[in-house]
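S.K.: Just the structure for this:
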Amino acid sequence: MMNNLFSIFDPLTNIFNLPINWMSTFIGLFFIPFTFWMIPNRHFILWKFIIMKLHNEFKILLNFKKNKGSTFIFISLFSYILFNNFLGLFPYIFTSTSHLTISLTLSISFWLSFMLFGWINNSKHMFIHMIPQGTPTILMPFMVLIETISNLIRPGTLAIRLTANMIAGHLLLTLLSSSSNMMGTFLLIFLILAQIMLLMLESAVAIIQSYVITILSTLYSSETN
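M.R.: A predicted model of the protein is given here:
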């Protein structure tokens, strides 16, 4: 039971001794036809509308006039996480964003780049950010310690937030589906309805989590400017 329950999160599952689970990260590229980029259609118009909304929101936080093009980094991050979250909802497709290997790699990479950029180019601003305005003198050492710790745990909280939300929904779906063999026809109908509702909820979680991770990364980046 436990082996079957957690087998969906097993990155060591292989075919002919080839660990190809992580290739699911790139499977979606094959689903996008060339006409998507060349001929305007409803999918392209919808995706362009989403990208422009994100661009208009991010450029307010990132001081777009000073750092032109910076919003596309975070739009790409949003697209990547959203794409992998949705792929994990399909049967027999490995969910890479449910593993800290992917989420920690993304969060630490972005966090390190923000810190290096901030301390090299805006070191005075980074020191000022350690002590909130109006802090009493006697509390300044404690505030520096607290701000330093909160800054260091940021990549971990980002990664755990994404991973935990992806794991929770998938585990619940797996638990419900594994109990279907012991149910009668009447209860099975309710189980199917519950599974459909959970899939809709997981679709919303996939969108919300990709947006939350991206907006938090944008806010962390804006603090270094």
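S.K.: residues near L139, how many?
M.R.: 12 (other CB atoms under 10 Å). Glycine gets a C-beta too; all of them are placed from N, C-alpha and C.
S.K.: Retrieve the pLDDT associated with it.
M.R.: The score at L139 is 76. That number is its pLDDT.
S.K.: Wait, a helix at it?
M.R.: Yes: checked against DSSP: H, G, I helix; E, B strand; the rest coil, L139 lies within a helix.
S.K.: Against P132, how distant is it?
M.R.: In this structure, L139 and P132 are separated by 10 Å, where distance is defined by CB to CB, to the nearest Å.
S.K.: which helices and strands sit right next to the longest helix along the chain?
M.R.: Taking DSSP state H as the criterion, the chain has its longest helix at helix 185-222. In terms of contacts (3 or more CB pairs under 8 Å, 6 or more residues apart in numbering; DSSP states H and E), helix 185-222 is packed against helix 42-61, helix 71-87, helix 100-121, helix 154-178.
S.K.: avg pLDDT for it?
M.R.: Throughout helix 185-222, pLDDT has a mean value of 87.
S.K.: In that helix, which residues are buried?
M.R.: 198, 202, 205-206, 209-210, 212-218, 220-222 (16 or more other CB atoms under 10 Å).
S.K.: and I128, how many residues sit next to it?
M.R.: I128 has 11 neighbouring residues, counting by other CB under 10 Å.
S.K.: Ok, F30 next?
M.R.: 7.
S.K.: got it, and S107?
M.R.: S107, neighbours per other CB under 10 Å, totals 24.
S.K.: wait, what's in contact with it?
M.R.: R154, P155, G156, L158, A159, I213, S217 (CB atoms under 8 Å, 6 or more residues apart in numbering).
S.K.: So the second one sits against W111, correct?
M.R.: Yes: here P155 lies in contact with W111, judged by CB atoms under 8 Å, at a distance of 4.2 Å.
S.K.: who has more neighbours, the two?
M.R.: P155 (23 against 20).
S.K.: For that one, list the residues it contacts.
M.R.: By CB under 8 Å, 6+ apart, the residues touching P155 are L104, S107, I108, F110, W111.
S.K.: Out of those residues, which comes closest to T174?
M.R.: Proximity of the contacts of P155 to T174 (CB to CB) peaks at L104, which lies at 23.5 Å.
S.K.: Now the closest one: closest residue in space, sequence neighbours ignored.
M.R.: Take L104 and drop its neighbours on the chain: the residue closest to it by CB to CB, 6 or more residues apart in numbering is A159, 4.3 Å away.
S.K.: M166 too?
M.R.: Closest residue in space to M166, ignoring its immediate chain neighbours: S98 at 4.0 Å, by CB to CB, 6+ apart.
S.K.: Then Y220?
M.R.: Nearest residue to Y220 in three dimensions, chain neighbours excluded: F114, at 5.6 Å (CB to CB, 6+ apart).
S.K.: for I102, same thing?
M.R.: Nearest residue to I102, sequence neighbours excluded (CB to CB, 6+ apart): S96, at 4.8 Å.
S.K.: how deep is the one you found tucked in, by neighbour count?
M.R.: 22.
S.K.: Check R161 too.
M.R.: Here the count is done by other CB under 10 Å, and R161 has 16 residues near it.
S.K.: shouldn't it be in contact with I215?
M.R.: No: applying CB under 8 Å as the test, R161 and I215 come out as separate, 11.9 Å apart.
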